[in-house]
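Asks: A structural model of the following input is requested.
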Amino acid sequence: MRKLVADKVAAIQPSGIRKFFDIVSEMDDVISLGVGEPDFDTPWHIRDEGIYSLEKGRTYYTSNAGLLELRQEISKYVQNKYKVSYDPKSEILVTVGGSEAIDLSMRAMLEPGDEVLIPQPSFVAYEPCAVMADGVAKFIDLKAENEFRLTADDLRAAITDRTKILVMPFPNNPTGSIMPRKELEEIAQVVIENDLIVVSDEIYAELTYYDEPHVSIASLPGMKERTLLLNGFSKTFAMTGWRLGYACGPAELIKQMTKLHQFVIMSAPTTSQYAAIEALRNGESAVQEMREAYNGRRRYLMHAFREMGLECFEPFGAFYVFPSIKEFGLTSEEFAERLLREEHVAVIPGSAFGKCGEGYIRISYAYSLENLKLAMSHLQNFIEKLRREKHS
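Replies: The predicted structure follows:
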């Protein structure tokens with residue numbers, strides 16, 4: 001019998017996040033700080049619009065690229081928020097979550113052997129999507145001393161004559177790091193000089209707590225034509241289960257991505273698209289409330305880390321913190337497994353997000369302040385125990 005599975009697929013490792021949660025699923029009374037999912041319900045007016053669309057019988061396929069009305073609202077939203085203009089008829093594609101957009105972007109652009117530069121630690125999907133598109137994933141190790149930002153020098157050092165795509169995963173999962181305008185301008189200059197294409201994953205763009213608002217690299221001079229801007233509704237509007245994202249970029253690229261989407265998906269869920277229109281039109285106040293709640297939790301965690309002497313740079317994006325656990329002499333997986341078994345607190349090993357994540361853990365603050373306070377008391381007990389063990 002023929003071999004059932006392709007070598008390139010068999011070689012891909014399962015998500016380190018999901019692997020760890022197999023352990024969590026077997027335990028009771030766990031305080032989970034692991035899942036990157038808002039703890040807020042989708043705002044009622046958005047859910048209501050989805051329900052209304054069903055009541056009106058809007059259960060048909062939409063156009064492959066998505067409802068034109070939704071694409072028009074996305075165009076207005078991106079113009080208003082990030083000062084980039086996209087034609088809703090030719091430069092915007094509605095996808096099944098941001099993850100599908102990542103996959104489509106790689107398959108539409110990569111030839112066999114083309115290199116994709118992926119700053120790490122970062123979201124787990126970039127590497128397998130590049131590999132499945134016959135590309136070669138190359139990693140740029142981000143450094144804590146740079147607050148896990150990508151520097152122009154590190155980018156230059158990683159470029160070869162086979163480099164085609166640079167992934168820009170900011171605001172970042174798992175570190176919470178952001179890229180202020182000045183640093184983005186330096187990156188853009190290197191990108192233009194080396195004729196690269198940027199896949200800018202901006203799914204956490206609305207969840208930033210810095211002095212200046214989020215800046216999209218696509219908005220910088222000379223960058224719109226060489227940037228694919230990816231975003232979605234999961235994090236901003238607490239719509240994870242609705243599975244809706246979008247890609248904005250050059251018409252030629254969006255056309256080819258839409259063709260792939262047409263054959264594999266057909267169209268994104270119709271009900272979700274109608275709900276998304278309502279989110280974009282009337283969801284800003286709910287987004288502001290959620291952002292303020294996340295920021296309060298973020299500040300609490302940074303205070304708690306200082307109190308327990310746990311090293312952590314201050315992140316200004318997404319809803320993650322990435323404290324260092326190097327002082328304890330355990331791998332990040334060992335630390336997370338012991339914390340889970342001994343204190344029933346679930347976090348994610350930093351190594352799940354790339355080799356340079358070793359020595360860190362990801363803690364999500366997409367949880368109530370009450371849960372975070374309880375978890376921090378358990379974490380403090382645990383690290384005090386480790387410090388006693390180390391000095392005994």
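Asks: tell me the centre residue of the chain?
Replies: Centroid-nearest residue in the chain: N173, 5.0 Å away (criterion: CA atoms, centre = their mean).
Asks: so what pLDDT did it get?
Replies: Per-residue pLDDT puts N173 at 97.
Asks: Now do the contacts for it.
Replies: Neighbour list for N173: G36, S122, F123, Y204, A318, Y320, F353 [criterion: CB atoms under 8 Å, 6 or more residues apart in numbering]. From N, CA and C alone the C-beta is placed, and that goes for glycine too.
Asks: I'd like the list of those residues that fall within strands, please.
Replies: Assignment to strands by DSSP state E places the following of the contacts of N173 there: Y320.
Asks: Make JSON lines from the contacts of N173 and add neighbour count, pLDDT and distance to S364 to it.
Replies: Shown next, in JSON lines, are the contacts of N173 (neighbours: other CB atoms under 10 Å; pLDDT from 0 to 100; distance: CB to CB, whole Å):
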{"residue": "G36", "neighbour count": "20", "pLDDT": "83", "distance to S364": "5"}
{"residue": "S122", "neighbour count": "27", "pLDDT": "96", "distance to S364": "15"}
{"residue": "F123", "neighbour count": "22", "pLDDT": "95", "distance to S364": "13"}
{"residue": "Y204", "neighbour count": "25", "pLDDT": "98", "distance to S364": "12"}
{"residue": "A318", "neighbour count": "28", "pLDDT": "97", "distance to S364": "9"}
{"residue": "Y320", "neighbour count": "26", "pLDDT": "98", "distance to S364": "6"}
{"residue": "F353", "neighbour count": "27", "pLDDT": "95", "distance to S364": "13"}
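Asks: Check the contacts of N173 against I363 and report the nearest one.
Replies: Using CB to CB, Y320 is the member of the contacts of N173 that sits closest to I363, with 6.8 Å.
Asks: tell me the contacts of that closest one?
Replies: G36, N172, N173, P174, T175, G176, R362, I363, S364, Y365.
Asks: So which of the residues you listed is the closest to G50?
Replies: Relative to G50, and with distances defined as CB to CB, the nearest of these is G36, at 22.6 Å.
Asks: What is the neighbour count of the residue nearest to that closest one when sequence neighbours are not counted?
Replies: Once flanking residues are discounted, G36 sits nearest to S364: 5.5 Å by CB to CB, 6 or more residues apart in numbering. By other CB atoms under 10 Å, 25 other residues sit near S364.
Asks: do the same with M376
Replies: 22.
Asks: Contacts only, for E111.
Replies: Per CB under 8 Å, 6+ apart, neighbours of E111: D134, K164.
Asks: pLDDT at it, what is it?
Replies: 97.
Asks: Run through the helices of the stretch 51-200 of the chain in chain order.
Replies: 68-82, 97-109, 126-132, 152-158, 181-193 (DSSP state H, counting those that start in this stretch).
Asks: And the stretch 201-350 of the chain, by the same measure?
Replies: Ranges of helices within the stretch 201-350 of the chain are 251-264, 270-282, 284-308, 332-343, based on DSSP H, counting those that start in this stretch.
Asks: Centre of the chain to the shortest one, how far?
Replies: Its chain's C-alpha centre and that of helix 332-343 lie 24 Å apart, by CA atoms, centre = their mean, to the nearest Å.
Asks: Quick check: which helices or strands does that helix pack against?
Replies: For helix 332-343, the packing partners by 3 or more CB pairs under 8 Å, 6 or more residues apart in numbering; DSSP states H and E come out as helix 16-24, strand 345-346, strand 348-349, strand 361-364, helix 369-391.
Asks: at 10 Å instead, please
Replies: With contacts defined as 3 or more CB pairs under 10 Å, 6 or more residues apart in numbering; DSSP states H and E, helix 332-343 has these neighbours: helix 16-24, strand 31-32, strand 345-346, strand 348-349, strand 361-364, helix 369-391.
Asks: Name the residues of that helix that are buried.
Replies: Within helix 332-343, the residues scored as buried using 16 or more other CB atoms under 10 Å are S332, E333, F335, A336, E337, L339, L340, E343.
Asks: Now the residues you listed in CSV, please, with extra columns for distance to T227 and pLDDT.
Replies: Formatted as CSV, the buried residues of helix 332-343 follow (distance: CB to CB, whole Å; pLDDT from 0 to 100):
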residue, distance to T227, pLDDT
S332, 33, 96
E333, 35, 93
F335, 37, 97
A336, 35, 95
E337, 40, 91
L339, 39, 96
L340, 40, 93
E343, 43, 95
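Asks: list the contacts for L372?
Replies: I31, L33, G296, R297, R298, Y300, L301, A304, I363, S364, Y365, L379 (CB atoms under 10 Å, 6 or more residues apart in numbering).
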